[in-house]
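> Task: produce atomic coordinates for the following.
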Amino acid sequence: MKLLMLGGTEFVGRAITEDALARGWEVTVFHRGHHAPPPGTRALHGDRTAPGGLDALAAGEWDLVVDTWSGAPTAVRDSARLLAGRAGRYGYVSSRSVYAYPAPAGLTEDGPLVEGSADAGSTAYAEDKRGGEIAAVDAFGDRALLVRAGLILGPYENVGRLPWWLNRTARGGPTLAPGRPGLPLQYIDVRDLAHWTLDAAEAGRGGPYDLVSPAGHATMGALLEACAAVTGAAAEFHWIDQERIAEAGVEPWTELPIWLPEGELHDYMFGGDVSEALAAGLKCRPVEETVADTWAWLQSIGGTAPHRPDRPDKGISAEREAALLGL
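Modelled structure (predicted):
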């Protein structure tokens, strides 16, 4: 198989590139040149947002294109149109955020969607991802695979969620644990996402698939206990109920990464029906493996994870945490 990876140097793109190389595929990585792609790839450079930015892709044929773009849908539109006659399939890594909010737990791929346009400039994350989906389908039809990922964790994370919890747990001492330990989580290890995406494309699958672990694959307690185990820290978890957290004005998801209070938003984010992806071969590794491998990667790069400039910083300040803990 010949893969053209649009991106391929960070997080999801890198995991897909590494999985393809492990299969013995021929991989071309198209990127801006800010980060080195994995060894064994052929690199092409260009900026999809600039005039002439796709010139390096004017020639060449591939069995599969994978695109993780999350900005203006016009970038997906232009890439997909350019490659439609020279690529077999187009895998677009989208998001479960394309579903209209609020949505009940148990939502499937047939759920109502936000509005989007392939011709739109960047507006908001959900609308941009939906516009990217439309662009991929417009150019490739049923040869377009729409991978609607949920929360993504694992090595190379450049958003700051799991790395923050690992570093916070590693400091030890009294540690704020939000909500209750049995709160179910739903996420996807980036390597499981990569493996399923390439398997699905190779099998000729198209259309939308929600790609995230089954609901309750892990819990908040299991995640934090795994962080404590791999870091070797004597963290003392103090479980603080969600009402106290709300009263203190502490923001879920950003100040307390990964966590959402029980209710409508939690059902929307952590209650998806993934029976279609499971039937199509999705396998999810244990949370302990995801946490351990992310910690090993963090240690290999000095403990500080890279951070996407378009995403806010994550994590509660030591002062706000201490106030909630009554210290």
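> can you point me to the longest strand in this protein?
Using DSSP state E, we find that the single longest strand of the chain is strand 87-95.
> what sits up against the very next helix or strand once past that strand?
As assigned by DSSP states H and E, the chain's next helix or strand after strand 87-95 is helix 125-140. Defining contact as CB atoms under 8 Å, 6 or more residues apart in numbering, one finds that helix 125-140 is touched by 67, 69-74, 76-77, 80-81, 83-84, 87, 89-90, 92, 94-95, 97-98, 113-120, 122, 144, 146, 208. From N, CA and C alone the C-beta is placed, and that goes for glycine too.
> Selecting buried members of those residues in ChimeraX, what would you type?
A single ChimeraX command selects the buried members of the contacts of helix 125-140 (16 or more other CB atoms under 10 Å):
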select :67,69,70,71,72,73,74,76,77,80,83,84,87,89,90,92,94,95,97,98,113,114,116,117,118,120,122,144,146,208
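> Just checking: what are the partner strands of the longest strand of the chain?
strand 62-67 (parallel), strand 144-149 (parallel) (DSSP bridges).
> Counting neighbours, what do you get for the closest residue to Y99 other than its chain neighbours?
Closest residue to Y99 in three dimensions, ignoring its sequence neighbours and counting by CB to CB, 6 or more residues apart in numbering: G111, at 4.8 Å. Residues within reach of G111, counting by other CB atoms under 10 Å, total 17.
> go on, L57?
Neighbours around L57, by other CB under 10 Å: 22.
> circling back to that earlier point, could you check how far the residue nearest to Y99 is from P51?
G111 sits at a distance of 38 Å from P51 (criterion: CB to CB, to the nearest Å).
> what about stretch 311-327, start to end distance?
30 Å (CA to CA, to the nearest Å).
> buried residues in it?
Here stretch 311-327 shows K314, G315, I316, E321, L324 as buried, counting by 16+ other CB under 10 Å.
> quick check, nearest of these to E247?
Of all those, E247 sits closest to L324, with 9.6 Å by CB to CB.
> Show me the protein divided up by domain.
Using automatic domain parsing, the domain parsing of the chain gives 2-149, 158-184+217-270+287-325.
> Would you mind finding the most buried of those?
Greatest average neighbour count among the domains of the chain goes to domain 2-149 (a mean of 19), per mean count of other CB atoms under 10 Å.
> The stretch 151-300 of the chain: helices as residue ranges?
Here the stretch 151-300 of the chain has its helices, by DSSP state H, counting those that start in this stretch, at 162-171, 190-202, 220-231, 242-247, 264-270, 275-279, 287-300.
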